[in-house]
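**Q** could you work out the structure for the sequence below:
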Amino acid sequence: MQPNNSSAYLIIRQGHRWTDVFRLEAGHPLIIGRASSNEIPVADERSSRRHAEIFFESGEWKVRDLGSRNGTFLDGQKLEQAKSLVPGNQITVGSCRLTFASSLDEVVPPLEFEENSPQSTVHTQSEIPSITHRQSKSSILDPESLKLDSKASRIAIPVQNHPVPVIATELLQLAFDLAHEQSVASACELALNRLMLATGCQSGGVLKLEPTIKEPHKSSESLLTVLAALQRQSKAYHPVSDTLVASVRRDNTAILARNISSDGHLVGGKPATTSSMSTQASHVLTTNSLIVAPMRIGNHLLGLVHLYSRHDEPDLTPDHLEITLAVADVLAVSIDNLMRQQSLEQKLKSSRNRISELEQQLGKAAEWIGPSSALKQLREQVQRVGPTNATVLIRGESGAGKELVARAIHDMSQRVTGPFVAINCAALTPTLLESELFGHEKGAFTGATDRKLGKFEQASGGTIMLDELGEMSSEIQAKFLRVLEGKAFERVGGSKPIQVDVRVIAATNRDLEQAVRDGQFRSDLYFRLRVIELIVPPLRVSRSGYGPAGFSERAKYAMQKHDWPGNVRELRNCVERAFVLANGPLAEPEDLALSHLQLPGQATATVAHPYQEKTIEELEQQHIEATLEYTQGQKNRAASILGIERSTLDRKLKKFQSP
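**A** Numbering: from 1, shown residues only. Here you go, the predicted structure:
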């Protein structure tokens, strides 16, 4: 993804040491080369005077060689023509390495302590370079030093060259504005801008200390993360020296140093010599004063605020040290609050995702219902297979619920917190399927405008389900087999091997054995997949086996009387509804739940019953028998319905049975 022109940086390294952060601006191309007039001078005999150029064109930052003698290299490849830059690209000019970045979050320079290493210091000024002031706390924010002027009703602060109301108001405004910032980066840039305006300083940065694990017999180290860096007049921001960082960490005090242009310990580099000059050494000769102030939360050192002036700029003063300390303390509180907020938001997001997953699992469990022996056996198999890491082949007809079974396996595995990724192999062409499974690099084919991660990379640490894998082409089958065997794969158009940790569940409704015999499916892939085979039964054999054996006379009569506005479809639904809902051996009218819908243009139909000659005694017998059928042979209930005594019912039944 190409960064926008307002957030592009070059991270400059000489050898193994991080030296500069250079902010790029559209409309201001920069030249890299041996000439001192270049924006980035490189003191190396292998570098031409005008060696390479970084420029903005058509919405992209690009690099090109300017006909240099030894060439310009991009990620180890010699440039033959202008190339677009993406974050992480390494540009090499002689001994200088420049990393292109779209965010200062990517700038994590190594911190190297050189307090015990010998350095030759050449003083080019009459005054001795020195740290002139150390201060642990700003009097601006010290309650004991604040005095209320009752007449003026304002706070009096002992800062010599700055009107008290201006400082107090600006600090209050800064704290108010920081409270509305949504990110650490924007808060740091806001505070740094205000501080540089207040001090007139042209270069500064806000850095965060990232502690590393201390190893035995080694000095304690930290990594510096650049949270914000600003510089005027298109000059590069140079990092604070290791010596000063160590001093601030040790004493927890702010430092003002002046007359330091010849002291590499304080500036951050070694002094220049006539035979060797680098961007770092050039910085040593041009920096004249600096301030390093700690950002603290209680006794914890969160990071540093760093300001410095060059030889053609006014020196930083003790008043500036006071202001910087105050801003650093205010900014530290803001950063700490934002980091806590981000942590809480991340935990909340994680909790919501987990709740969503659990809700989905509960929903899936509710979908898997049925007391049939086939489903019971499948459920038991899934419970045994789920906790393992075995490859599973699920077979069954389309729509039988193969993906539901695959999700149940994933939910019962140790990978439940990882992703579950499903892809239908039959829905994509072979070319698109390969890109979906393994990803592609930018420019791999027409339309590949960005790098894309494949499903295997997305599912790393979790489970991938390949539905209808029998439709894979032979080429993709071969690449898929390599992944199953634990080997690395490459993205389409790429050469970098990629290793993933994924459990594979394959599903198909195809006869794989016949496909192997026909040469359409690899036999080695078939045996590699068929570690565990599960059969999902179709609906017609998944039913419980329970249900009514038929319809009662009352139900039959209701069905004969019904108009059936839905025709055969309504009849089918009615029968299926009775099969599911009936509790007795015969379905009753209540189980049919016939609708009373009458469609426009349909007249109410009546069922004609032709007259049959019957005696009262015959009608009585038929009615008693129908009532007993309705009550399922319960004579007491039948007698109650008929309105006669039980003994009378027994007598009539005995009479009906006699010849």
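
**Q** what is the burial count for R97?
**A** Neighbourhood size, R97 [other CB atoms under 10 Å]: 16. C-beta: built from backbone N, CA, C; applies to glycine.

**Q** got it, and E513?
**A** Using other CB under 10 Å, E513 is surrounded by 12 other residues.

**Q** give me the distance between it and D319.
**A** Distance of E513 to D319, computed by CB to CB, to the nearest Å: 87 Å.

**Q** helices or strands next to the host helix or strand of I291 in the packing?
**A** If you go by DSSP states H and E, I291 is part of strand 287-297. Judged by 3 or more CB pairs under 8 Å, 6 or more residues apart in numbering; DSSP states H and E, the packing partners of strand 287-297 are helix 242-251, strand 254-258, helix 264-267, strand 300-310, helix 318-367.

**Q** in its sheet, what does it sit against?
**A** Strand pairing for strand 287-297, using DSSP bridges, gives strand 254-258 (antiparallel), strand 300-310 (antiparallel).

**Q** please name whichever of those is nearest to E533.
**A** Among the strands paired with strand 287-297, the nearest to E533 by CB to CB is strand 300-310 (57.2 Å).

**Q** put the alpha carbons of the closest one into CSV.
**A** Extracted C-alpha coordinates of strand 300-310, given in CSV (Å, rounded to 0.1, in the frame of the first residue of the first chain):
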residue,chain,number,x,y,z
HIS,A,300,8.5,5.0,35.6
LEU,A,301,10.4,6.5,32.7
LEU,A,302,8.0,6.4,29.7
GLY,A,303,10.2,8.1,27.1
LEU,A,304,12.0,11.3,26.2
VAL,A,305,11.4,14.7,24.6
HIS,A,306,14.4,15.8,22.5
LEU,A,307,15.2,19.2,21.1
TYR,A,308,18.3,20.5,19.5
SER,A,309,19.5,23.6,17.7
ARG,A,310,22.1,23.9,14.9
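
**Q** tell me which residues of that strand are tucked away?
**A** L301, L302, G303, L304, V305, H306, L307, Y308, S309, R310 (16 or more other CB atoms under 10 Å).

**Q** what's the answer for stretch 57-69, then?
**A** By neighbour count on 16+ other CB under 10 Å, the buried set for stretch 57-69 is E60, W61, K62, V63, R64, D65, S68.

**Q** and the residues you listed, which is closest to S186?
**A** Using CB to CB, W61 is the member of these that lies nearest S186, at 22.2 Å.

**Q** check what pLDDT that closest one gets.
**A** pLDDT for W61: 92.

**Q** let's have the chain start at 728 instead
**A** In the new count, where the first residue is 728, that last one comes out as W788.

**Q** what's around the closest residue to F1383 other than its chain neighbours, how many residues?
**A** Once flanking residues are discounted, F1383 sits nearest to Q1348: 5.2 Å by CB to CB, 6 or more residues apart in numbering. Number of residues near Q1348 (other CB under 10 Å) recorded here: 16.

**Q** what about Q1348, helix or strand, and which?
**A** Using DSSP H and E, Q1348 sits in helix 1343-1357.

**Q** what sits against the spatially closest residue to I1136 that is not a sequence neighbour?
**A** Leaving out its chain neighbours, the residue that sits closest to I1136 by CB to CB, 6+ apart is G1113, at 4.9 Å. By CB atoms under 8 Å, 6 or more residues apart in numbering, the contact set of G1113 is A1135, I1136, H1137, D1138, M1139, S1140.

**Q** may I see the buried residues of the strand holding I1018?
**A** Across strand 1014-1024, burial judged by 16+ other CB under 10 Å covers T1014, N1015, S1016, L1017, I1018, V1019, A1020, P1021, M1022, R1023.

**Q** spell out for me which residue occupies the centre of the protein.
**A** The centroid of the chain falls nearest to Q1185 when counting by CA atoms, centre = their mean (10.2 Å).

**Q** lowest average pLDDT across the strands paired with strand 1014-1024?
**A** strand 981-985 (a mean of 82).

**Q** the inter-axis angle of that one versus helix 969-978?
**A** Angle, strand 981-985 to helix 969-978, by axes from the mean of the first three to the mean of the last three CA atoms, to 10 degrees: 150 degrees.

**Q** how about low-confidence regions in the stretch 828-977 of the chain?
**A** 831-895, 938-949, 960-962 (pLDDT under 70).

**Q** ok so, going back, the buried residues of strand 1027-1037 into TSV, with extra columns for distance to A1101?
**A** Putting the buried residues of strand 1027-1037 into TSV (distance: CB to CB, whole Å) gives the following:
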residue	distance to A1101
L1028	66
L1029	62
G1030	64
L1031	68
V1032	70
H1033	71
L1034	76
Y1035	77
S1036	82
R1037	82
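
**Q** name the element the residue lying closest to E916 once chain neighbours are set aside belongs to?
**A** Excluding the flanking residues, the one nearest E916 by CB to CB, 6+ apart is A955, at 4.4 Å. Per DSSP H and E, A955 falls inside strand 949-958.

**Q** coming back round to it: the residue nearest to the centre of the chain against F1147, yeah?
**A** No. Assessed by CB atoms under 8 Å, Q1185 is found out of contact with F1147, at 10.3 Å.

**Q** so which of the strands paired with strand 1014-1024 is nearest L1196?
**A** Closest approach to L1196 among the strands paired with strand 1014-1024 (CB to CB): strand 1027-1037, 51.9 Å.

**Q** what separates that closest one from the chain centre, distance-wise?
**A** For strand 1027-1037, the distance from its own C-alpha centre to the chain's C-alpha centre is 32 Å (CA atoms, centre = their mean, to the nearest Å).

**Q** what angle do that strand and strand 949-958 make?
**A** 40 degrees.

**Q** next, the angle from strand 1027-1037 to helix 1045-1094.
**A** If you take the same axes, to 10 degrees, strand 1027-1037 sits at 130 degrees to helix 1045-1094.

**Q** run the chain-centre distance for the strand holding I1018.
**A** For strand 1014-1024, the distance to the chain centre is 36 Å (CA atoms, centre = their mean).

**Q** residues in contact with stretch 1060-1076?
**A** The contact list for stretch 1060-1076 (CB under 8 Å, 6+ apart) reads 902, 905-906, 908-911, 914-915, 918, 935, 954, 1022, 1024, 1029-1030.

**Q** one more time with 7 Å, if that's ok
**A** Under the criterion CB atoms under 7 Å, 6 or more residues apart in numbering, residues L905, E908, S910, V911, A914, M1022, I1024, L1029 lie in contact with stretch 1060-1076.

**Q** likewise for stretch 1205-1215?
**A** For stretch 1205-1215, contacts defined as CB under 7 Å, 6+ apart pick out 1118, 1165, 1183, 1199, 1216, 1224-1226, 1231, 1249, 1251-1252, 1255.

**Q** which of those residues count as buried?
**A** Neighbour-count burial (16+ other CB under 10 Å) applied to the contacts of stretch 1205-1215 gives F1165, F1183, M1199, F1216, I1225, V1231, R1249, L1252, R1255.

**Q** tell me the one of those nearest T1156?
**A** Set against T1156, the nearest of these by CB to CB is M1199 (11.6 Å).
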